Every structure is written in C-alpha cells, then in structure tokens.
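J.: got a sequence here, can you build the structure:
(chains A and B)
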Amino acid sequence: MPPNLWLIYSLMLKSRLFEEAIARLWHDGLISGEMHLGTGEEAIIAGVVAHLREYDAMALDHRSTAALLMRGVDPVLILRELLCYPDGLCGGMGGHMHLFSKEYLAASSGIVGAEGPIAAGFALSAQQLHLGAIAVAFFGEGAMNQGMLMESLNLTSAWNLPVLFVCKDDGWAITTQSKKVTGGDLNERARGLGIPAVEVDGCNVFEVWEASHSAIERARSGQGPTFLHARCVHFEGHFLGFQLIRMVRNPIREMPGIAIPLTQSFLHFGGVALQERLAGLKVVLAAVLATLRDPRQDSINDPLWRARKTLESEPVRLQELEDQVENEISNVISIALAEVPL
Amino acid sequence: MRTMYFSQAVDDALAQAMADDPRIILFGEDTPLLRRNLLVRFGPRRVRGAPISESAFLGAGVAAAMAGLRPVVEMYMVDFFGVCMDALLNHAAKIEAFSGGKWTAPIVVRAPCGGGYGDGGQHEQSLWGWLAHIPGLTVLVPSTPLDAGGLILAALQHDGPVIFLEHKLLSETWLEFLGSGARNTVHFDVPTEGIKSTVPQKWEPLPIGKAVLRRAGDDVTIISVGVGVHRALEAAQALEAEGISAGVLDLRTISPLDKTAVCETVAQTGRLLVVDEDYEGFGLSGELSAVVLEAGIFCKYTRVCTQTTIPYARHLEDQILPNKQRICASVRQLMQ
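T.: This next block holds a predicted model:
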C-alpha cells in the first residue's frame, strides 16, 4: 500500500505551524528554559510515525513535539504544558524536554542517548505483552557516541527486539560538528552489531516512509531491530537563541561581544606559541564558517517544500488542505492561550 | 583591581593557571566554542572538544590525571553525571585509597548546577550532597566571582579529584545559553551580589574547606551554599526589621566540610537553619545537624531545601526552590 501523501503532508504542516507558534511564544517569554524545535526534521518523524498503531511505543529525545503531535497527542495539552499551566500534558511538571504520554506509550528525555535503553525496554514489553507491536527511538547523530545508545544497539540485536532506531543526522552535536568528534561510519557501526542499516534522505518523506515501512514490518514479524540513518537540517540549530545562528542572522549585534574578548585572549601574554594559537583560532572560525555555509534556508532542505511539490498538481485540494491545517493550528493556539484559573 | 562576572572570573583564573602550568588541559562537549577564548590562547592541543561520550572522556580525564596531566573536564550539567558516575564513584574517588596513598588523580571536573530558570528537573538539580557523599571527592560550590576564581585555582593545585560547581543563576554565560537565549522577555531572580565581583590582578588560591561568615548574627545561624547564600542574606536583611539578628555562613566547600566554623557559629546562636537548594533527604542539611550533634552542641534546628523533583513551570519552581519567604518563615519558627 503506497503512503497517503496528503495525510502525511498535513501532519508535517501541522507540526511546522505548531512549532513556529511555539517559537513565537518562546521569544515572547511565555515559555521558559531551552527550546529545541523539530523544524526541518518533519519528514523523518512523519515518515516513521505514519506507520505506528496501537501498542507501538516511542522513545523521544529533547526535540519531541513533532512526534507527539503526529502520533495524536492533543496539541492543546502540549502547548499548555509549555505555557506552564496545571492542565498541561504533564501538569506543568515536565516542560518541553520531558513530555510524556502514557496513552501513546511515548516518553521523552533531555538526556542524550537515553532513547536507546527506553526503546529497548518498550520493545521487550511489546515482545512479551503485545506481540507484533514495536518501539521507535528518535535521536540525533550526536547521541550515537553515547555509551548507553551503543549498548542498546547491541542489546536489541542480541535479544532480537522489535526496535526501529531513527538517527536524525543534522551534522551537529550541539555546537560541535559531529564529524570532528565521531570515528568511522554510523551505518557500519550498526551493521557491526548485527543490525541492518538503511540510509535515506531525511528531507524526502516518501523515502523515509518506504524505508521505515520495511523496517517496521521486519520488526513486527520478529526479525529484530533496524537502524535508519536520515540526514536533515534543523532550521533553528540546536535550540532557539542558538548563538551561532544568532551570529549569522545578526552579526552587527552579536559579533562585538564575541570578537573583542576573543581577540584580547588571542593576543594575551602567557600561553602557547603563535602557531598553536592560530590553530585554535582556525577551529573557532571553522565552526562559524560552517554555520555561514549551512544551507538552512535552501528549499531543497525543507521537507515541507519537497512534500508540497509532489502535491502541486492538485492546487485546489492542496489549498483546501493548507487552509484547514492553518485553521486547526490557530484554533489550537487560541484555546491553549485561553486563561484558566491556576 | 578589576571587576568580573562569575564564569569570566573562573576562566580568567583558569587561564592564569594554564599559562603557568602546561600540564593543565581542558576538554568536554562543545568546549571549543564555550571556551573559545582559552582555545585561541592555549591552542587545540590543550583545549579540545569531546563527543557526547561522558563515560569515556570523564574516565579518560581521571586516568590522564593519574598519568601526569592536570585535566579540567567540563560536564554540560551536574545532572549529566548520571550517565558517567562510575568514573567519579569507582575510580577518581578510590585511586588514592586503593594505592595505599601512593597515587592520586588530580582532575578538576567543572559543571554548571542549580535551577531558577525553568529548564525542568533533569537540568536544574544541585546534587552536591550526592557527590560529597563519596569519600575521596572534594566538592566546591562558590557563591561569588571572587570566590569562584580563587577556588578554581585551589582546585587546580589540589592533589586529588575536585568537583567545581557553578550555579547557573550566577553564571552570566550559562544563564544566557540555557535560560534567556538572548531574550529580553524573560526575567530570573538573579542575586546581584553573586554575579559580579571586584577581583585581584593576580589570582591567589583560596583555602579549600574554609567557610566564610557573610553576615554576623546573634539569634540564628543560617548555613548555606551557592545561590542559597544570597537568598539567606536577603532574608536576614528583611528579618532585621523584625528585630531578629540572623547570621549567614557560606560553606563554599561541601566536602571537606568546615566543621569548626559550623560549630562555632551555631554554638553562639543556639539556632541553626540550613538553606540547601539540593534535595532535603539524606544530604547536606542532615549532615550539618549531625556535625553539630556530634560536637555536643545543643541547638534548635530546621531546614529549607528542595524536597521534590524540580517542576518545569516557573511559578511551581519558585515555590520548590529555597526562597526568601520560606527562609524568613523558618527563622521565625526557630525564634518561637
């Protein structure tokens, strides 16, 4: 059965509009702490979540909004949680990095790599209590260097657990380029532990859907875990207010605060020889230049733009769908923002 | 004399030590960006970025220290010790004892701690009591930039593992990185006395294990650490109007505890209030009562601590973390 691209596009659009609203509320100071958005990874989430059914579980990272929304968790509850209301999804206790839905067997964590053991446990439970159900783990490529995730790959392989490991690879481990701190190839790493690895374009929802379809069917039929490696671009970097993105977007405001102490320190007496200092400067500049070159604004890296392209042959239907989703999300925002007594 | 913000002071003292001692190296996640000013002065061999592999790089730091380096290992947050505790619990803390006192691991582990900016219970814990529980670890929690610079220098000269905790509400860089994200639409209850200090041209190490009396008082002794010291000072100021004289002792070091200072001040007032942002049960607050009891000092005792998982919602968080109102109420209770 081919994917219902209309349904998938509407999930992606819903998530995008919802998260853009979250970003505005965060900038307005109505949401506290850090805020990691999934804008840019919608194709990966939608392409996987579209396959999930009753008793399937999700182990989510600190960027969990899109997956919860697409799985069916009430976005009003999510937003009221972020806005600190007692009737939010977790009673105002969890916040955006610690969103939980027992109903949908979905648990998020702010600890990088924790998705590995969580998915393994959900899958173990599925294997014994709901045969045919599976667990999905969503995580970034930075998490692939975390011991507990590597151990979980091995554990699920050895125990033949029904897990789909989804590595959302944006090339950045927080503010560090992943290639600078990662040895070898991630797909080979999974294969080395006896887990089949599939490489897909994470901006192409059709590709993600197809690959996860086979992997999930494989897991449901008792053939064990699969590693899905999907590249994507996060439009807001690691989190909102990300320093490197701020610097690129508003260099006049941001540069002096960075460049002046950097220069003073570079020239400071005491320390290593000039050659070593230059090597250090090169490391800093490389991170900045990589951000400048980062193709965040290229349409080709926007999964929504790509998915929409495939639907443009039916402009009237597309317009109707987009209007409907926009209305739905703006309703969600107004309901969520409505004051209720604390 | 110069004035400095909290993390600026730590970095400045660290730079002074790095210029003097080529064995000092620095690594952790995102260190090249977060400590870019040190990177361009000391080069990529001494300031390096690590993968998100805390067990590996913290464990490596311990062994590198055993083999002659003086590593400063940065953890993103004290909460993340949860993923790599083995390196501290079973290795760094044990080497000296296991080797019959012949071998130590002079590593400094630097980590932000504490809450008050709405990041939720997995990113805002204090955990110094948990760390100090382990024999063999030195745990420092400065409350001003001046102390922070002096104590990091002492940590670097110490011949054993030291955990150096920086409270995020006091650190200008961490609060911006994790709390505001450069927004001017959010506000935090930042204690102004703790974020900026006059500091010396050349840093001198402060003694480890030495508390300081921030405010003298005849009626009650409030003992605290980190941001709690500033909350206690605010409360003591407010209580003055009610005719209550409250003293505030800033421990600065959790382990080893300055038992002499604790006992002396409590013996003078006969009333002890512990203000501890860390969890209430089985921690610093209970330890202080034991220290006093063991010394045979009779006193009235109570505590203001964090009792539950820290809520994400700011208004709930403000009630859970020690605050001026709770401290004042507890002092009044002691005075009854």
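J.: when you work out contacts or count neighbours from here on, use the C-alpha atoms and nothing else.
T.: Fine.
J.: tell me, how many residues neighbour residue 116?
T.: No chain was given, so I picked chain A. A count of nearby residues for residue A:116, using other CA atoms under 10 Å in any protein chain shown, gives 30.
J.: meant chain B actually
T.: Around residue B:116 sit 25 other residues, with neighbours defined as other CA under 10 Å.
J.: quick one: it from residue A:115, how far?
T.: 27 Å (CA to CA, to the nearest Å).
J.: do residue B:46 as well
T.: From residue B:46 across to residue A:115, the span is 33 Å (CA to CA).
J.: out of these two, which sits in the busier spot?
T.: residue A:115 (28 against 20).
J.: count the neighbours of the residue lying closest to the more buried one once chain neighbours are set aside for me.
T.: Distances taken as CA to CA, 6 or more residues apart in numbering or on different chains place residue A:59 nearest to residue A:115, at 5.0 Å, with adjacent residues excluded. Neighbour count for residue A:59, taken as other CA under 10 Å: 27.
J.: bridged to residue A:59, which residues?
T.: residue A:107, residue A:137 (DSSP bridges).
J.: that one and residue A:123 touch, don't they?
T.: No. Using CA atoms under 8 Å, residue A:59 makes no contact with residue A:123, being 10.2 Å away.
J.: what do the two both touch?
T.: Common contacts of residue A:59 and residue A:123, defined by CA atoms under 8 Å, 6 or more residues apart in numbering or on different chains, comprise residue A:135.
J.: which residues of chain A score low on pLDDT?
T.: A:293-296, A:340-342 (pLDDT under 70).
J.: let's see that with 80 instead.
T.: For chain A, applying pLDDT under 80 flags the ranges A:1, A:243-244, A:248, A:291-297, A:339-342.
J.: all strands for it, in order.
T.: With DSSP state E, the ranges of strands along chain A come out as A:57-60, A:100-101, A:106-108, A:135-140, A:163-169, A:172-173, A:176-177, A:197-201, A:226-231.
J.: one more: the stretch 51-200 of chain B?
T.: Using DSSP state E, counting those that start in this stretch, the strands found in the stretch 51-200 of chain B span residues B:70-74, B:108-113, B:138-140, B:162-167, B:196-199.
J.: the fourth one pairs with which strands, parallel or anti?
T.: Just to be clear, that refers to strand B:162-167. Here, using DSSP bridges, strand B:162-167 pairs with strand B:108-113 (parallel), strand B:138-140 (parallel).
J.: run the angle between it and strand B:70-74 for me.
T.: 30 degrees (axes from the mean of the first three to the mean of the last three CA atoms, to 10 degrees).
J.: same deal with the second one?
T.: Going by the same axes, to 10 degrees, strand B:108-113 is angled at 20 degrees with respect to strand B:70-74.
J.: contacts for strand B:108-113?
T.: Strand B:108-113 is contacted from outside by B:70-79, B:123-127, B:155-156, B:161-168, B:174, using CA under 8 Å, 6+ apart.
J.: ok, back up a step: export the strands of chain A to CSV and tack on distance to residue B:252?
T.: Shown next, in CSV, are the strands of chain A (distance: least, CA to CA, whole Å):
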stretch, distance to residue B:252
strand A:57-60, 38
strand A:100-101, 38
strand A:106-108, 35
strand A:135-140, 38
strand A:163-169, 42
strand A:172-173, 34
strand A:176-177, 33
strand A:197-201, 51
strand A:226-231, 47
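J.: which one of those strands lies closest to residue B:107?
T.: strand A:176-177 (23.7 Å; CA to CA).
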